[in-house]
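Enquirer: Need a 3D model of the following:
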Amino acid sequence: SALTYLALRPAHGDSSRAGRNTPLAVSCPNAAFCMAIDDQGHAITRHDGAWSGPRSLQDTGLTSVSCSSPAFCVAVGVNGTAFVFRGSTWSAAESIDPKSADQIDGFGTSSLNTVSCATTTFCLAGDVLGRVSIFNGSSWTRPRAIEPRHLSKEDRLAGTAGISSVSCSGPRFCAAVTVQGRALTYGGTAWSSPTELEPTSVVNLDRVRSLPALGSVSCAAVTFCAAVDPAGDVFTFDGTTWSAPRSVDPQGQTDSNGMTSISCPTARFCVAVDDSGHAFTFDGNSWSGGAEVDPIVGLATVSCATPTFCVALDDLGRATIFDGRSWTTPTDIDP
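Expert: Numbers count the residues shown, from 1 in each chain. Got it, this is the predicted structure:
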């Protein structure tokens, strides 16, 4: 399923949208359907090329959404709630992680921060306390920490335990990345030991900038995941090990926020976006130079259904669409 990323950070563009709804995450299971959520608790649907008006799910913000098909999505929010979409209607709010409600850490992650649905009977949500909950189609498990106990305890005490992004290619494989720059994988029953992808010096700098050291991960298969950091580096997972960082967006080292999101519908295609409004594409071997998509505002999140259909949202919540060759002009989807 497509990955979504949320960073509670100010847009670097103008403030003309202050007080208005801002879409924060989007998930597109195919080219005919997308679901977006916003910071005011609304869901916005794209069906056959047209965006619906916002539908209110709750009166506080939603943070992440994931759709395994046009008939099934899950959205999570800042008060520890989850909502399930089944084709035409959303469920009532279910409190699945009340302990995380309204909590925010120094990296900008909050409460239930990320969710990924591989099927209608398997979703995984991660929180600011370093815990995940799993949905089996009818109920959620109690949140549990994914890092070893001693490490989880240290991070909780320091306020650095947050899971910034999760991605599940199937019920028996997920990856998670943390605000501390660690990556872990899930094999259906247990989590791997954490792999430190980012050095402490970089993590500390990211915390000063209120950015997760690893902001987004996307897994196309058990043998392929990719994660991005604010410095413009990409890390890939081959089913066994994580690669060294590959510099894809060098401007991220000097930009205020750098690379924000990545989506990989297949192992031979990914799109990553940055806060300077550039989009980078991966063809299985190499990365393209950054296409200038939205340089005035910057891009916050991206979801690709196929190599010829992606939707990115900018820092003001406007949507731009990729057809495999070019990006459309950003348009407001949530007035």
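
Enquirer: Give me the distance between the nearest residue to Gly53 once chain neighbours are set aside and Leu24.
Expert: Distances taken as C-beta to C-beta, 6 or more residues apart in numbering put Ile44 closest to Gly53, at 7.4 Å, once the chain neighbours are dropped. For the C-beta atoms, the positions are set from N, CA and C on the backbone; glycine is no exception. The gap separating Ile44 from Leu24 is 11 Å, by C-beta to C-beta, to the nearest Å.

Enquirer: ok, now Asp105?
Expert: 17 Å.

Enquirer: ok, these two, which is more surrounded?
Expert: Leu24 (26 against 23; other C-beta atoms under 10 Å).

Enquirer: doesn't Thr301 make contact with that one?
Expert: Yes. Proximity of Leu24 to Thr301 meets the contact threshold set by C-beta atoms under 8 Å, at 7.1 Å.

Enquirer: what's downstream of the worst-scoring helix or strand of the chain on mean pLDDT, the next helix or strand?
Expert: In the chain, the helix or strand scored least confidently by mean pLDDT, DSSP states H and E is helix 200-208, which has a mean of 88. Once helix 200-208 ends, the next helix or strand along the chain (criterion: DSSP states H and E) is strand 216-221.

Enquirer: What is that following strand packed up against?
Expert: In this structure, strand 216-221 makes packing contacts with strand 163-170, strand 173-178, strand 224-228, strand 259-266, judged by 3 or more C-beta pairs under 8 Å, 6 or more residues apart in numbering; DSSP states H and E.

Enquirer: want to try CSV for these, with mean neighbour count, distance to Arg246 and mean pLDDT as columns?
Expert: Output for those, formatted as CSV (neighbours: other C-beta atoms under 10 Å; distance: least, C-beta to C-beta, whole Å; pLDDT from 0 to 100):
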stretch, mean neighbour count, distance to Arg246, mean pLDDT
strand 163-170, 26, 18, 97
strand 173-178, 27, 16, 98
strand 224-228, 27, 9, 98
strand 259-266, 26, 12, 96
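
Enquirer: Let me have the ones you listed in a markdown table, adding distance to Ser139 as columns.
Expert: Output for those, formatted as a markdown table (distance: least, C-beta to C-beta, whole Å):
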| stretch | distance to Ser139 |
| --- | --- |
| strand 163-170 | 17 |
| strand 173-178 | 18 |
| strand 224-228 | 27 |
| strand 259-266 | 28 |
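
Enquirer: of all those, which lies closest to Gly239?
Expert: strand 224-228 (7.5 Å; C-beta to C-beta).

Enquirer: Name the spans of the chain whose pLDDT lies under the cut-off.
Expert: Counting by pLDDT under 70, the chain contains low-confidence ranges at 1-21, 252-257.

Enquirer: for it, what spans make up the helices?
Expert: 149-158, 200-208 (DSSP state H).

Enquirer: which outside residues touch the last one?
Expert: It refers to helix 200-208. 106-107, 160, 179-181, 198, 212-213, 229-231 (C-beta atoms under 8 Å, 6 or more residues apart in numbering).

Enquirer: can you check the first one too?
Expert: With contacts defined as C-beta under 8 Å, 6+ apart, helix 149-158 is touched by 129-130, 145-147, 161, 178, 180, 194.

Enquirer: Identify each buried residue in it, please.
Expert: 151-152, 155-156 (16 or more other C-beta atoms under 10 Å).

Enquirer: ditto for stretch 50-65
Expert: In stretch 50-65, counting by 16+ other C-beta under 10 Å, buried: 51, 54, 57-58, 60-65.

Enquirer: which pair in these spans the largest distance?
Expert: Checking the buried residues of stretch 50-65 with C-beta to C-beta, the most distant pair is Trp51 and Thr60, at 22.4 Å.

Enquirer: OK, contacts around the residue lying closest to Arg46 once chain neighbours are set aside?
Expert: Once flanking residues are discounted, Arg46 sits nearest to Cys34: 4.0 Å by C-beta to C-beta, 6+ apart. Shown in contact with Cys34 (C-beta under 8 Å, 6+ apart): 26-28, 45-46, 67, 303, 305, 311.

Enquirer: same deal with Ser192?
Expert: Contacts of Ser192 (C-beta under 8 Å, 6+ apart): 184-186.

Enquirer: Same question for Cys123.
Expert: 66, 68, 74, 115-117, 134-135, 168.

Enquirer: Now the contacts of helix 200-208 in JSON lines, please, with extra columns for distance to Val222 and neighbour count.
Expert: Listed next are the contacts of helix 200-208 as JSON lines, based on distance: C-beta to C-beta, whole Å; neighbours: other C-beta atoms under 10 Å:
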{"residue": "Gly106", "distance to Val222": "33", "neighbour count": "16"}
{"residue": "Phe107", "distance to Val222": "28", "neighbour count": "28"}
{"residue": "Thr160", "distance to Val222": "29", "neighbour count": "20"}
{"residue": "Val179", "distance to Val222": "25", "neighbour count": "30"}
{"residue": "Gln180", "distance to Val222": "24", "neighbour count": "28"}
{"residue": "Gly181", "distance to Val222": "23", "neighbour count": "25"}
{"residue": "Glu198", "distance to Val222": "24", "neighbour count": "26"}
{"residue": "Pro212", "distance to Val222": "24", "neighbour count": "30"}
{"residue": "Ala213", "distance to Val222": "24", "neighbour count": "27"}
{"residue": "Asp229", "distance to Val222": "23", "neighbour count": "26"}
{"residue": "Pro230", "distance to Val222": "27", "neighbour count": "27"}
{"residue": "Ala231", "distance to Val222": "27", "neighbour count": "23"}
